[in-house]
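Enquirer: okay, predicted coordinates and the sequence, questions at the end:
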Amino acid sequence: AQSVTQLDSHVSVSEGTPVLLRCNYSSSYSPSLFWYVQHPNKGLQLLLKYTSAATLVKGINGFEAEFKKSETSFHLTKPSAHMSDAAEYFCVVSAATSGTYKYIFGTGTRLKVLA
Amino acid sequence: NAGVMQNPRHLVRRRGQEARLRCSPMKGHSHVYWYRQLPEEGLKFMVYLQKENIIDESGMPKERFSAEFPKEGPSILRIQQVVRGDSAAYFCASSRDPNTEAFFGQGTRLTVV
């Protein structure tokens, strides 16, 4: 079975400092992993995805994530936070299971950026 | 190529009424997924449909909820006799095939009063 755990429900950083949002996954199959961002009362925007190519994945808005199979982790990072990064972030695992293919969402990490 | 279109964006229903949520997938996509997001929670899988077929409905409540994806037209998520606990954001996603990335719509926010 697939599952994903986001280790922090809330993260606060100062503007201009690094961002680290942690995600661990569990999958019996070769997973695809994604990070999505959701701004208040908005839809979901894909930040980046890992699909068994390069383990370091670069996404939009300066975000990147590294797939570490030995640690079953897919942490999201950004070198310097911007006020506009304040949002909810979801780590997602996807893999074919029992003939179906669906996304399993983490519970989300709310990022707060302090001026 | 327009993205996944959901309508309405906001829907208000009184308890006991029916809610119909529509999702038009991206052009060329025949796989549709519905998710529900309760306040302050992540998205929970509800149902996966391929044209005219329900593939996986393991996340659908057993009563009052149904989904379809007809040969022509959008996918419909139908909630009969809505209750306050149905208030949530409902997101639809579509993909070209099961092994490729799914794209999400903007969601429909259902409020039951």
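Expert: Yes, it's here.

Enquirer: tell me the gap between stretch B:27-34 and the middle of its chain.
Expert: Centroid separation for stretch B:27-34 versus its chain: 11 Å, with Cα atoms, centre = their mean, to the nearest Å.

Enquirer: contacting residues around that stretch?
Expert: Residues from elsewhere that reach stretch B:27-34 (Cβ atoms under 8 Å, 6 or more residues apart in numbering or on different chains): A:101-103, B:1-2, B:4, B:23, B:25, B:45-51, B:67, B:69, B:75, B:77, B:90-98, B:102-103. (Glycine included, C-beta is placed from N, CA and C.)

Enquirer: remind me which residues of the chain are low pLDDT?
Expert: Went with chain A since none was named. A:95-101 (pLDDT under 70).

Enquirer: wrong chain, I was asking about chain B
Expert: B:1, B:99.

Enquirer: what ranges do the strands span in it?
Expert: With DSSP state E, the ranges of strands along chain B come out as B:5-7, B:10-13, B:19-24, B:31-37, B:43-50, B:53-56, B:65-68, B:75-79, B:88-95, B:103-104, B:108-112.

Enquirer: and those strands as a markdown table, adding mean neighbour count?
Expert: What follows is the strands of chain B, written out as a markdown table (neighbours: other Cβ atoms under 10 Å in any protein chain shown):
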| stretch | mean neighbour count |
| --- | --- |
| strand B:5-7 | 18 |
| strand B:10-13 | 15 |
| strand B:19-24 | 20 |
| strand B:31-37 | 24 |
| strand B:43-50 | 22 |
| strand B:53-56 | 15 |
| strand B:65-68 | 18 |
| strand B:75-79 | 20 |
| strand B:88-95 | 24 |
| strand B:103-104 | 20 |
| strand B:108-112 | 18 |
